[in-house]
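Visitor: Quick check, what structure comes out for this input:
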Amino acid sequence: MSSYNRPTLMGNLTRDPELRKTKKGASVTELGLALNRKWNEDSGKQREETTFVDVIVWGKTAENCVQFLNKGRSVLLEGRLFMDSWKDKSTGETRNKLRVVADNVLFLGSKQEGGGGGDEMQEAA
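Guide: Modelled structure (predicted):
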């Protein structure tokens, strides 16, 4: 059976990206992305919910994200879902978190205003 793992998300960054290097020298950064949804209930009351997504970006795209993006900036990204697992150091329990590994990141808005004009696309190597 075939499968398709290609999420496309648009939202605002929840924090400034920070560049890290792996032991082999690869560049990587993690983005926090807030996805907002608004709707009206049957009663007419407006509701809103926010979903927070952790995103991993590699290579030159990660370096560009650190250079050009900041908290509040809007981005459109495409990637794949990835289940991250690790052992909790304090309890020894296995922890899991669903993340997105971004292949393409489109910078929306401008660096100064955190959104609204001038787009730039970055593709992962």
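
Visitor: Which residue would you name as the spatial centre of the chain?
Guide: Centroid check for the chain by C-alpha atoms, centre = their mean gives Val55 as the closest residue, at 3.5 Å.

Visitor: what's whichever strand or helix holds that one packed up against?
Guide: Per DSSP states H and E, Val55 falls inside strand 46-58. Secondary-structure packing of strand 46-58 (3 or more C-beta pairs under 8 Å, 6 or more residues apart in numbering; DSSP states H and E): strand 8-13, strand 27-40, strand 74-87, strand 94-107. Bear in mind the C-beta positions are built from the backbone N, C-alpha and C, glycine included.

Visitor: Try it again at 10 Å.
Guide: strand 8-13, strand 27-40, helix 59-68, strand 74-87, strand 94-107 (3 or more C-beta pairs under 10 Å, 6 or more residues apart in numbering; DSSP states H and E).

Visitor: separation between the residue in the chain sticking out farthest from the centre and Thr50?
Guide: Largest separation from the mean C-alpha position in the chain: Ser43, at 33.9 Å (C-alpha atoms, centre = their mean). Separation of Ser43 from Thr50 (C-beta to C-beta, to the nearest Å): 21 Å.

Visitor: Tell me where the chain is predicted with low confidence.
Guide: 111-125 (pLDDT under 70).

Visitor: can you do 90?
Guide: Along the chain, the parts satisfying pLDDT under 90 run over 1, 44, 109-125.

Visitor: re earlier: which one of the helices and strands packed on strand 46-58 lies nearest to Ser2?
Guide: strand 74-87 (14.7 Å; C-beta to C-beta).

Visitor: got the angle between that closest one and strand 94-107?
Guide: 160 degrees (axes from the mean of the first three to the mean of the last three C-alpha atoms, to 10 degrees).
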